[in-house]
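A.B. asks: Could you look at this predicted model? Sequence included:
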Amino acid sequence: MNLAEHVIDARRFWPGEAIEKRPLAIVELAEGIEAADIALPPYPVIGIGDSAHPLACSLDAVIEPPVKLEGVVRQIVANPLAAAAIVRLLRILPVLTPEQGLVAESMAYAMLQGSDEHKHWLAARRSSKELAQPGAVRLDRVGRTLIVTLDRPESRNAIDSGMRDGLHDAFVLAALDDDILNVTLRAQGRAFSLGADLDEFGTTTDPASAHAIRSLTLPALGALRCTEKLEAHVQGACVGAGLELAAYAARLCATSDAWFQLPELAMGILPGAGGCVSLIRRIGRQRTALMILSGKRLSARQALAWGLIDRIADDVS
């Protein structure tokens, strides 16, 4: 991989510069480059070098461990349209309200659902041969606490449409019922969640219809309204939609064996379960971009260092 071909002088990013067609740009954060207002092009701009450089905060992301530049470039080059949509969405989210952010995220996700990149992933993917049992979301009331449990351990709590609807209803209930003071989100089995059930991808082929469905049933809509009540306890794999939802919790606890990942770019899409909104609230725009663009797994210890989780405790009961 020739990384040098993607390196661009940051001083070229001004409004009058002609925009080249390229998948990404790499900017070296070094002495001699003045910090100035720059006009980011419509593709990812990744910084390498001193993260304290005055220019660093203007870029889409700055490489830091455990993420490596090569991995980010490889992912972007494989799905450049999705990568461009991701960073352009993340650029505008900080100036939107969370509710507006969910609308913008859903519309961007819907656009990518109709893309050739996502269609190629769907065509190449093999669906499960065995029909999995539908999932369930169990609700228990203990005093003024509502316990919401993902209950599909045999599928590592992959979230199917029934679970999605159950989570939506649970969080709407928690938001509307003033007698519920605390909401605990947890999961059965060794994994918190592998994310959305991949076997359901591609079942709604019209992007506008898919966006309309999310506008009514997205669990993040309810979770956003009861964030201060919400505490999440995660173990093992916490991936995709599972992580996106858990990140809305005001208090997020993980076991030491927990790991976190956003693999959506490799599918030609972006995190569409509210994660672009929830993660920037926890770890900021640039680290959110690093997680999405790299697809890199974070350990519990790294997640704690980044602020993705609030504490590590092996007893999450």
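C.D. replies: Happy to help now that I have it. Here the structure is a predicted model, which is why all the values come from computation and not from measurement.
A.B. asks: Next one, pLDDT for residue 109 please.
C.D. replies: Looking at residue 109, its pLDDT reads 97.
A.B. asks: and it, what element?
C.D. replies: helix 98-113 (DSSP states H and E).
A.B. asks: That helix: what's the following helix or strand?
C.D. replies: Downstream of helix 98-113, the next assigned helix or strand under DSSP H and E is helix 116-124.
A.B. asks: Can you spell out which helices and strands pack onto that following helix?
C.D. replies: Contacts defined by 3 or more CB pairs under 8 Å, 6 or more residues apart in numbering; DSSP states H and E place helix 116-124 against helix 80-92. All C-beta spots, glycine's among them, are computed from the backbone N, C-alpha and C.
A.B. asks: now for the helix it packs on, which elements pack on it?
C.D. replies: Under the contact criterion of 3+ CB pairs under 8 Å, 6+ apart, helix 80-92 touches helix 98-113, helix 116-124, helix 275-294.
A.B. asks: And the helices in this structure?
C.D. replies: When assigned using DSSP state H, the helices of the chain occupy the ranges 69-78, 80-92, 98-113, 116-124, 161-176, 207-217, 219-223, 240-246, 275-294, 300-306.
A.B. asks: Deepest in the core, which of the ones you listed is it.
C.D. replies: helix 240-246 (a mean of 28; mean count of other CB atoms under 10 Å).
A.B. asks: Quick one: distance of that one to the chain centre.
C.D. replies: Taking the mean of its C-alpha atoms, helix 240-246 sits 7 Å from the chain's own mean (CA atoms, centre = their mean, to the nearest Å).
A.B. asks: Residues touching that helix, excluding its own?
C.D. replies: With contact meaning CB atoms under 8 Å, 6 or more residues apart in numbering, helix 240-246 is reached by 150, 157, 159, 167, 185, 187, 192-196, 219-220, 223, 232, 234, 238, 252, 260-264, 271, 273-275, 278-279.
A.B. asks: Could you check stretch 15-25 and say which residues are buried?
C.D. replies: 23-25 (16 or more other CB atoms under 10 Å).
A.B. asks: re earlier: so which of the helices of the chain is nearest residue 54?
C.D. replies: Minimum separation from residue 54 across the helices of the chain (CB to CB) falls at helix 275-294, 14.5 Å.
A.B. asks: okay, that closest one in PDB with CA atoms only?
C.D. replies: Output of helix 275-294 as PDB, limited to C-alpha atoms (Å, rounded to 0.1, in the frame of the first residue of the first chain):
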ATOM      1  CA  GLY A 275     -24.500   5.500  17.200                       C
ATOM      2  CA  CYS A 276     -23.100   8.500  15.300                       C
ATOM      3  CA  VAL A 277     -25.100  10.700  17.700                       C
ATOM      4  CA  SER A 278     -24.500   8.700  20.900                       C
ATOM      5  CA  LEU A 279     -20.700   8.100  20.400                       C
ATOM      6  CA  ILE A 280     -19.800  11.700  19.600                       C
ATOM      7  CA  ARG A 281     -21.400  12.600  23.000                       C
ATOM      8  CA  ARG A 282     -19.100  10.200  24.700                       C
ATOM      9  CA  ILE A 283     -15.800  10.200  22.800                       C
ATOM     10  CA  GLY A 284     -16.100  13.100  20.400                       C
ATOM     11  CA  ARG A 285     -16.300  13.400  16.700                       C
ATOM     12  CA  GLN A 286     -12.700  12.400  15.800                       C
ATOM     13  CA  ARG A 287     -12.500   9.200  17.900                       C
ATOM     14  CA  THR A 288     -15.900   8.300  16.700                       C
ATOM     15  CA  ALA A 289     -14.600   8.600  13.200                       C
ATOM     16  CA  LEU A 290     -11.500   6.500  14.100                       C
ATOM     17  CA  MET A 291     -13.700   3.700  15.400                       C
ATOM     18  CA  ILE A 292     -16.000   3.700  12.300                       C
ATOM     19  CA  LEU A 293     -13.300   4.300   9.600                       C
ATOM     20  CA  SER A 294     -11.000   1.600  11.100                       C
END
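A.B. asks: chain center to that helix: distance?
C.D. replies: How far helix 275-294 lies from its chain's middle: 6 Å, per CA atoms, centre = their mean.
A.B. asks: Between helix 98-113 and it, find me the angle.
C.D. replies: 40 degrees (axes from the mean of the first three to the mean of the last three CA atoms, to 10 degrees).
A.B. asks: what's the angle between helix 275-294 and helix 69-78?
C.D. replies: With the same axes, to 10 degrees applied, the angle from helix 275-294 to helix 69-78 works out at 110 degrees.
A.B. asks: between helix 275-294 and helix 80-92, how many degrees?
C.D. replies: 130 degrees.
A.B. asks: Please name every helix or strand in contact with helix 275-294.
C.D. replies: strand 61-62, helix 69-78, helix 80-92, helix 98-113, helix 219-223, helix 240-246.
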